[in-house]
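[1] show me how the following folds:
(2 chains)
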Amino acid sequence: EAGVTQSPTHLIKTRGQQATLRCSPISGHTSVYWYQQALGLGLQFLLWYDEGEERNRGNFPPRFSGRQFPNYSSELNVNALELEDSALYLCASPPERISSTDTQYFGPGTRLTVL
Amino acid sequence: EDQVTQSPEALRLQEGESSSLNCSYTVSGLRGLFWYRQDPGKGPEFLFTLYSAGEEKEKERLKATLTKKESFLHITAPKPEDSATYLCAASGGSYIPTFGRGTSLIVHP
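    Predicted coordinates:
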């Protein structure tokens, strides 16, 4: 089965613009997690979607938002971009449709650069 | 608040020189302790999940162990291709894994 996919691979924006990042979970799986990995920092949890609903949110400002579509793919939107939003954005999905663990498989990431 | 601390931050080894990476965690109601390998600019690659103290898992030159407060990733006779950043994460009652900052491993030929 296909793994977690993300697009685009790279995204360059200027300060104040909006960025849209996309993720498709493992085929048929309903959960999508978003993380930010800034240079020198660990993975920071952003958002968790499951069955089309936001289940949990990390400590990020409201300009970070997203949604999950009926086919379980997801979008992360970052409004009013700031320089410090430059990071690798990662999407993750559990390995099984109904997972009894919190193990997550990651996509390749989207490198967002804000100039 | 869940916390995960990894040490050392960076580790340089000669090929064949075995060593261990440490992951200390403070998590209420541990649901799983995870190890990942991450190459530069790429997404983390899943290695192991450990569930309870005393559990061990192996994959090629890697062996992960778990106690009630720490996990170790032992690397036996490493090769240059083992060079990467190794991430540890722990999940508790919040169901959201907390990640450490990683250990950057460089193995010299």
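
[2] first vs last residue of stretch B:61-77, how far apart are they?
    End-to-end distance for stretch B:61-77: 7 Å, by Cα to Cα, to the nearest Å.

[3] what residues sit buried inside that stretch?
    Residues B:62, B:63, B:64, B:65, B:66, B:71, B:72, B:73, B:75 are the ones in stretch B:61-77 that count as buried (16 or more other Cβ atoms under 10 Å in any protein chain shown). (Each C-beta comes from the backbone N, C-alpha and C, glycine too.)

[4] run the contact check for that stretch versus chain A.
    No. Residues of stretch B:61-77 are not located near chain A by Cβ under 8 Å from any Cβ of the partner chain, the shortest gap being 13.0 Å.

[5] got a list of contacts for that stretch?
    Outside stretch B:61-77, the residues that touch it by Cβ atoms under 8 Å, 6 or more residues apart in numbering or on different chains are B:13, B:15-16, B:18-26, B:33, B:35, B:47-48, B:50-58, B:78-79, B:82, B:86, B:88, B:105.

[6] mean confidence for it?
    Mean pLDDT, stretch B:61-77: 97.

[7] name the nearest residue to residue A:51, ignoring sequence neighbours.
    Closest residue to residue A:51 in three dimensions, ignoring its sequence neighbours and counting by Cβ to Cβ, 6 or more residues apart in numbering or on different chains: residue A:30, at 5.1 Å.

[8] the one you found contacts residue A:71, correct?
    No. Using Cβ atoms under 8 Å, residue A:30 is not in contact with residue A:71, being 10.2 Å away.

[9] more neighbours: which of those two?
    Between residue A:30 and residue A:71, residue A:30 has the larger neighbour count (other Cβ atoms under 10 Å in any protein chain shown), namely 17 against 11.

[10] from chain B, how far off is that one?
    Distance, residue A:30 to chain B, by Cβ to the nearest Cβ, to the nearest Å: 14 Å.

[11] now residue A:43
    Taking Cβ to the nearest Cβ, one finds residue A:43 at 4 Å from chain B.
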